[in-house]
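Student: Curious how this folds, go ahead:
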Amino acid sequence: MKRQVVMTRLDECAFRTAAEALQAGDFEVHLAPWDDNTLELVQNTEFDVIIIGFPGPITALRRFVKCVRAPGSACQHSGIILLSEPQHLDAARMFVGVGINRAIASDDVEELLATSIMELSSVAPRVTLRAPTRVVLQLEQRPLRTFCQTENVSETGMLLRGFGHYPPGTSIDFEINIPGQPDPIRGSATIARTTNLSLERLEGVGARFESFLGADQGRLTDYLSEHIH
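Tutor: Modelled structure (predicted):
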């Protein structure tokens with residue numbers, strides 16, 4: 001099945017360039033005007049990825065993303081990419097982590113756009129889960145043990161609150177103490193990003209699961225299946 005992609009707040013030239021970059025892949029690409037009709041469209045029709053041109057009015061962007069991410073929206077868990085004019089890429093990246101998943105410069109479209117869509121359309125939905133978590137960092141000097149809290153979890157990764165700013169690529173072992181379960185979920189993960197404190201109001205890291213101990217992956221999958229709405 002083709003991945004459904006809708007682009008909005010782009011002019012015809014930017015849309016044509018992006019569409020050409022995707023023509024060799026398994027994508028069905030749509031262009032929609034930047035208005036309330038498109039907002040209603042993405043709230044009621046499931047797209048794999050929404051691409052929004054940048055820059056533009058910030059208040060309208062925040063409103064759009066907030067509505068798309070609202071419970072009951074068909075695109076609540078869809079990927080959102082800001083396609084930015086190159087000189088505004090740093091500003092676009094400030095919105096990543098606040099409902100928006102990626103920011104890409106328009107001159108990197110051929111190299112990055114198709115790959116980003118594939119990655120985002122494969123990301124599992126996240127479930128809010130604030131559970132105490134024991135973490136062991138595998139540092140060069142020595143293992144470092146600490147405690148923090150999950151903020152949300154999916155089948156592929158988790159967001160950890162109250163965790164230091166360790167660089168992407170750092171390996172960790174974890175034990176997540178899920179409410180109502182007698183034993184923790186145990187495994188290993190790799191830090192993928194640090195949060196933007198000023199925008200996300202959360203100090204911590206995002207981690208990608210690498211492996212689980214015993215049957216713990218199945219237990220996590222069962223828990224998520226029961227709590228995804």
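Student: so who does the closest residue to Gly25 other than its chain neighbours touch?
Tutor: The shortest distance from Gly25 to any non-neighbouring residue, by Cβ to Cβ, 6 or more residues apart in numbering, is to Ala114 (5.0 Å). C-beta here means a position set from N, CA and C on the backbone, and glycine is covered the same way. The contact partners of Ala114, by Cβ atoms under 8 Å, 6 or more residues apart in numbering, come to 21-22, 24-25, 27.
Student: State the pLDDT value of Ala114.
Tutor: Listed pLDDT for Ala114 reads 89.
Student: How about Pro86?
Tutor: 93.
Student: Could you measure from it over to Asp108?
Tutor: Between Pro86 and Asp108 the computed distance is 8 Å (Cβ to Cβ, to the nearest Å).
Student: per-domain residue ranges of the protein.
Tutor: If you go by automatic domain parsing, the domain ranges for the chain are 3-120, 127-227.
Student: can you tell me which of those domains the model trusts least?
Tutor: For the domains of the chain, mean pLDDT drops lowest on domain 127-227, to a mean of 83.
Student: Ends of it, what's the gap?
Tutor: Domain 127-227 has its terminal residues 7 Å apart, counting by Cα to Cα, to the nearest Å.
Student: Repeat that for stretch 131-143.
Tutor: 22 Å.
Student: Ok, stretch 173-180 next?
Tutor: Start-to-end, stretch 173-180 (Cα to Cα) is 22 Å.
Student: Could you do stretch 53-63 as well?
Tutor: Across stretch 53-63, first to last residue, Cα to Cα, it's 15 Å.
Student: which residues in this protein form strands?
Tutor: In the chain, the strands defined using DSSP state E lie at 3-8, 27-32, 49-54, 79-84, 102-105, 127-128, 132-138, 143-153, 157-161, 171-176, 185-194, 204-212.
Student: Can you spell out which helices and strands pack onto the first one?
Tutor: Contacting strand 3-8 under the criterion 3 or more Cβ pairs under 8 Å, 6 or more residues apart in numbering; DSSP states H and E are the following elements: helix 12-22, strand 27-32, helix 36-44, strand 49-54, helix 109-120.
Student: Tell me which of these sits nearest to Phe95.
Tutor: Closest to Phe95 of the helices and strands packed on strand 3-8 is strand 49-54 (Cβ to Cβ; 8.2 Å).
Student: From the contact counts, what lies against that closest one?
Tutor: On a contact count with 3+ Cβ pairs under 8 Å, 6+ apart, strand 49-54 meets strand 3-8, helix 58-68, strand 79-84.
Student: With respect to burial, which of the helices and strands packed on strand 3-8 scores highest?
Tutor: strand 49-54 (a mean of 25; mean count of other Cβ atoms under 10 Å).
Student: still on that earlier bit, distance check, the residue nearest to Gly25 against Gly214.
Tutor: With Cβ to Cβ as the criterion, Ala114 and Gly214 are 37 Å apart.
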